[in-house]
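Asker: Sequence first, then the predicted structure:
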Amino acid sequence: MSREEVYEALSEVFQDVFDDEDIRVSDATTAADIEDWDSLEHINLIVAVEKKFNIKFNMGEVNTFKNVGEMVDIILTRM
Amino acid sequence: MSTKQIDALIKCIGEKSLLQKKYCENFLEGYGDTEEEETFDALLSYYIQQDETIESLAQLYVDFINDLMEERYFFVQNGCYRYSKIEEVDKKIYQNPKYMKMYMIGLALSTYLLTSHREYMRWFKLQVANYRTGNVWLEVGPGHGEYFIWAINNTDYQKYYGIDISETAVKMSKEIVSAQVESDKQVLIEKKDFFDLPVDVTYDAIVVGEVIEHVEQPQLFLKKIMELSNEHTFIYITTVVNCPQKDHIYLFSNISEIEQMFIDTGLEVVDKLYVPTNNYSMKKAVKKKVAINVAYIF
């Protein structure tokens, strides 16, 4: 899967978790860009991303992602 | 409004956690109570006198929140709390001084930093206004001491008695209470199992804040509360629905389950407060199965 394809799939996950069809994520996207993205939704997001890509994050990663770009970097290495 | 210490703490938390930065930036919008600000600032000053720094406090708080997130992850995956037996959590948590320090300080700071915990405290103070005097005030699990200290400084009971099953928690409670209590009122905090309290003694106030989700059989706990109270006792109980935390072992999945337990025990609710976490609406909190804090007066 290319990085672009990951972003396409990831945007769908974000749209589903935050119930907003207009969400499109990129490398620089952070929680500051999505109003409802709080610590609780972060966990829902992580679980949904793991399911979508059939991967597992460790808790250290979960708690320290600086932006979606870092998440995608890990997704690509785990796939 | 805030003080330099509070500002510095919030800034430091935000530097350590982007998610908390977002939450904390909105934090001060709900803040405007001078007494709360002074009490929060006094708490920070106490910890700094105990050789903590703003940076170490911020780290402890972020560790506390990350610990909650780890348990939330388990909960979302499995639909249950990680542990269900007291013996599972006793060694890992209550007899673990390093974990207890993070836990107690994290909880103490959350009294002011988490909106749901702030609402609890405000409601508690309002309710206590009607029960300012009595013989013995009992608090089960005073922990970080914020409720116990407030009660001692703002009510007029003959004696204030706090019990906890954790040696570390008792030690921390004793230290913070002796540092922050303004008067020479009679105060005793000791390691004791609530179930070992003799039932030939009743109390005029029984405060059980965030305890019944930590026991295997909350209904037995409630029954004991009844045995220790008289017709005038101020009983204050708080607990929480769908709130994974390392030492939460009894899962209340909804509010009805909790209130049915009260009915079954014979406890009559006089007043109550529901506070979904993170300022969620009740509808959203139920749909997302996130924590709903509940407080009751009987």
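Answerer: Nice, thanks for sending it over.

Asker: The helix or strand of chain A with the lowest mean pLDDT: which residues count as buried?
Answerer: Using mean pLDDT, DSSP states H and E, the weakest-scoring helix or strand in chain A turns out to be helix A:59-64, at a mean of 88. Neighbour counts over helix A:59-64 (16 or more other Cβ atoms under 10 Å in any protein chain shown) mark A:62-63 as buried. Every residue, glycine included, has its C-beta placed from N, CA and C.

Asker: Packing partners of the helix or strand just after it?
Answerer: Counting by DSSP states H and E, the next helix or strand C-terminal to helix A:59-64 is helix A:68-78. With contacts defined as 3 or more Cβ pairs under 8 Å, 6 or more residues apart in numbering or on different chains; DSSP states H and E, helix A:68-78 has these neighbours: helix A:3-17, helix A:39-53.

Asker: Those helices: which one's closest to chain B?
Answerer: Proximity to chain B, assessed across the helices and strands packed on helix A:68-78 by Cβ to the nearest Cβ, is greatest for helix A:39-53 (4.6 Å).

Asker: So is that closest one next to chain B?
Answerer: Yes: using Cβ under 8 Å from any Cβ of the partner chain, helix A:39-53 reaches chain B at A:39-44, A:46-47.

Asker: out of everything not next to it in sequence, what's closest to B:Lys272?
Answerer: Spatial nearest neighbour of B:Lys272, excluding adjacent residues (Cβ to Cβ, 6 or more residues apart in numbering or on different chains): B:Tyr296 at 4.9 Å.

Asker: Need the contact partners of the least confident helix or strand in chain B by mean pLDDT.
Answerer: The weakest-scoring helix or strand in chain B, judged by mean pLDDT, DSSP H and E, is helix B:18-27 (a mean of 78). By Cβ atoms under 8 Å, 6 or more residues apart in numbering or on different chains, the surrounding residues in contact with helix B:18-27 are A:30-32, A:37-39, A:42, A:65-66, B:10, B:13-15, B:61-62, B:65, B:113, B:115, B:278.

Asker: Pull out the buried residues from the residues you listed.
Answerer: A:30-31, A:37-39, A:42, A:65, B:10, B:13-14, B:61-62, B:65, B:113, B:115, B:278.

Asker: Give me the subset of these lying in strands.
Answerer: Per DSSP state E, strands hold no members of those.

Asker: Tell me how many other residues surround the residue nearest to B:Lys272.
Answerer: 21 (other Cβ atoms under 10 Å in any protein chain shown).

Asker: show me where pLDDT drops low in chain B?
Answerer: Scanning chain B for pLDDT under 70 picks out B:1-2, B:26-33.

Asker: What helices and strands are in contact with the longest strand seen in it?
Answerer: Taking DSSP E as the criterion, chain B has its longest strand at strand B:229-241. Counting contacts by 3+ Cβ pairs under 8 Å, 6+ apart, strand B:229-241 packs against helix B:115-128, strand B:203-209, helix B:218-227, helix B:255-265, strand B:292-297.

Asker: So which bits of the fourth one are buried?
Answerer: Taking 16+ other Cβ under 10 Å as the neighbour-count basis, helix B:255-265 is seen to contain the buried residues B:255, B:258-259, B:261-262, B:265.

Asker: next SSE after it?
Answerer: Following helix B:255-265 in sequence, per DSSP H and E, is strand B:271-276.

Asker: Please save the CA atoms from that following strand in CSV.
Answerer: The C-alpha trace of strand B:271-276 is given here as CSV (Å, rounded to 0.1, in the frame of the first residue of the first chain):
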residue,chain,number,x,y,z
ASP,B,271,-30.1,14.4,45.8
LYS,B,272,-27.9,13.3,42.9
LEU,B,273,-25.5,14.6,40.2
TYR,B,274,-24.6,13.1,36.9
VAL,B,275,-21.5,14.4,35.1
PRO,B,276,-20.4,12.8,31.9
